[in-house]
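Colleague: Give me a model of this one.
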Amino acid sequence: MLCTDNALVFKDTILDIVVSDSAFPGFTGIGERWPAPALATVNDFGFLNESFVPVVSRPDSVDIRQVFRFDTLPRTLSPTDSTQVTAVTDSKLLLVLDTARSLLPSGSTTVSIYDVDDSTLTVDTVQSAIAARFTPARLLTTRTFTRAEVLADTLVGLGSLSSSRAFPISIPNASMLRLVKERKRIRLGLRITSGSSAALRFVAPTRNAPELTPRVTYDPSPDTAVRPWVVGTQFGDGSASGLQFRSQTLVVRDRTVLLNDGSLEAGGMVGVRSLLKVQVPRRFLDTVTIVRASLDLTQRPLRFTPGATDGVRLRMRVGIAGPALGSDPRRLVEFLDPTIEGVQLPSLRILPADSGVKSFDVGGALRVWLTQDSTIATSFILYSEGETFQEQRPAFFSRRNSNPAVRPRLRVTYTLRREGAIP
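Modeller: The predicted structure follows:
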C-alpha cells in the first residue's frame, strides 16, 4: 500500500548563531597580486588579486594614493637593435579607468604623478617612506580633467556602452629619457586633488587583459619602422615574494571613526568591514533540508551621514578559515572568498538612513557547510561593493546590543528529512 501522506511540510525557525561580531576599518585593497605570508600559492590560492586599484581624495578625511612599479625599462631601440636610446617622444602612462566604480566630480580634478623611487633600496614598500616622496621636487607631471572629458575617451573595440575609459597621462620626454638612461626602472606615485570628494578606480596589473593594465610607453626613434616600447608593471626581477607589489595602495590619510556603540558597519571611502563568527547547530543541519535561509540584521538608521539617502550594495561573503590565518579576526576579514564551492551569496541595496530588518540570503552557504568538516570555524563577512568609491556606510545592531530583539539572527525555512520513505 502506498503512503497517502506525501506532502512536504515547510517549517520556520529562528536561531541565534552569531557567537561574536565586530567591525574593522581601513580596507582599500593593498594593490596588485602578491603571495600572502604563510599561505600556499598553488593554483593562485594564497594570492591577493585586485581587479581595480584606487586613488581617492576626500578633502576633510581621506587621501589614498597608488604606486605603479616598472622595474624593467628597455634602453635599446628594439629587441633586435642594441643601439642605445638617446631620445624619446610620446612618453605616457597608460591607464584604464572604470567609471562604474569611480566617483567623478562634475568640476575639475587633477591627477599628479611623482617619481617616488629610491634607487638605493632593493625592497622599497614601506608606506610612510614612499608617501614622504610625494614632494614638489619629485613632481613629474599633472593632468586636469572633467567628468565629461573622461566619459568621452572610449576604448577602441569597447565603445561608450562599456564602463572602461582610456586614461593616458603624458610624461615629459626629458624626464622619461633620464629615467631610462640612468636607472632602468621607474616607480610612479599617483595622487588626486579636487574641491570635492573624488575616487578613481584603475584596472589593476593582474587578472585583466594586457591592453587594459597599467603600462608605460615611449617612442625611442623617429624612424616609423621602430615601434614604441610598451612596458608592463614589474617589481624587481618578477620572482614571487610577499613584499613585491607591481602596484601598491598607500593610505596617507584616513580619519574614519567607527560608531561608538559597537555597531556592525560596511562601506566608506576607506572601507569598513564587519565579521560575524557563527556556529550553526550541526544536529539541526543533519536532520533537515534547507529551503531558504537568511541572516537577519536590524539596521541602525544614520540620517545625517554622507549619502544617507543614496543606496549602496552590501554583500555577505564566507570567511576563509584555516591555521595559516591564525586567530587574528582582522585577517579573516582581509581575506575574502568570492565564492564558496561555486556559490556566491546575493547582495542587498541598502540606504544608510533606513531602519528595520534587512535579510541577507545565506542559504547557499548553509548547504555547502553540510558537506564540510564540522570542526572548521565558519564566519560571514559583511562588506560594501562600493568600497573606496562610495561614501555610504550603513550600520546594523550587534549581538552585543542590550536589546535581544535587534541582534543578528538566522531565519530558516526547512523540511524534515525523510530517510527511507516510500514515495
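Colleague: Not counting whatever helix or strand residue 277 lives in itself, show me its contacts.
Modeller: Assessed by DSSP states H and E, residue 277 sits inside strand 271-278. Applying C-beta atoms under 8 Å, 6 or more residues apart in numbering, the contact partners of strand 271-278 are 17-28, 256, 258, 264-266, 295, 319, 329, 332-333, 377-384, 387-388, 393, 396, 399, 408, 410. For the C-beta atoms, the positions are set from N, CA and C on the backbone; glycine is no exception.
Colleague: Filter these down to the buried ones and hand me the ChimeraX line.
Modeller: Selection of buried members from these for ChimeraX, criterion 16 or more other C-beta atoms under 10 Å:
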select :17,18,21,22,23,24,25,27,28,256,258,264,265,266,295,319,329,332,333,378,379,380,381,382,383,384,387,388,393,396,399,408,410
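Colleague: Would you mark the buried spots in whatever helix or strand comes next after the strand holding residue 277?
Modeller: From strand 271-278 onward toward the C-terminus, using DSSP H and E, the following helix or strand is helix 282-287. By 16+ other C-beta under 10 Å, the buried positions in helix 282-287 come out as residue 285.
Colleague: Please export the alpha-carbon coordinates of helix 282-287; PDB is fine.
Modeller: Below are the C-alpha coordinates for helix 282-287, written out as PDB (Å, rounded to 0.1, in the frame of the first residue of the first chain):
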ATOM      1  CA  ARG A 282      25.200  20.500  13.300                       C
ATOM      2  CA  ARG A 283      22.500  18.300  14.600                       C
ATOM      3  CA  PHE A 284      19.900  20.600  13.100                       C
ATOM      4  CA  LEU A 285      21.700  20.700   9.700                       C
ATOM      5  CA  ASP A 286      22.000  16.900   9.600                       C
ATOM      6  CA  THR A 287      18.200  16.400  10.000                       C
END
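Colleague: Show me how far it is from its chain's centre.
Modeller: Computed by C-alpha atoms, centre = their mean, to the nearest Å, the separation of helix 282-287 from the middle of its chain amounts to 35 Å.
Colleague: What are the structural domain limits within this structure?
Modeller: The chain breaks down by automatic domain parsing into domains covering 11-25+258-416, 50-254.
Colleague: Same list as before, those domains that is, but in CSV and with mean pLDDT included.
Modeller: Below are the domains of the chain laid out as CSV (pLDDT from 0 to 100):
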stretch, mean pLDDT
domain 11-25+258-416, 85
domain 50-254, 88
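Colleague: Would you map the strands across the stretch 151-300 of the chain?
Modeller: Secondary structure of the stretch 151-300 of the chain by DSSP state E, counting those that start in this stretch: the strands cover 164-170, 186-194, 198-203, 215-219, 229-232, 247-254, 264-265, 271-278, 288-300.
Colleague: Among the ones you listed, which comes closest to residue 136?
Modeller: Taking C-beta to C-beta, strand 186-194 is the member of those nearest to residue 136, at 12.4 Å.
Colleague: Contacts only, for residue 19.
Modeller: 277, 278, 279, 399.
Colleague: Now stretch 224-233: buried residues?
Modeller: Going by neighbour count (16+ other C-beta under 10 Å), the buried part of stretch 224-233 is 229, 231, 233.
Colleague: Now the last one: closest residue in space that isn't a chain neighbour?
Modeller: Nearest in space to residue 233, with sequence neighbours left out and distances taken as C-beta to C-beta, 6 or more residues apart in numbering, is residue 246 at 3.8 Å.
Colleague: isn't the one you found right next to residue 66, touching?
Modeller: No: with contact defined as C-beta atoms under 8 Å, residue 246 does not count as touching residue 66 (11.1 Å).
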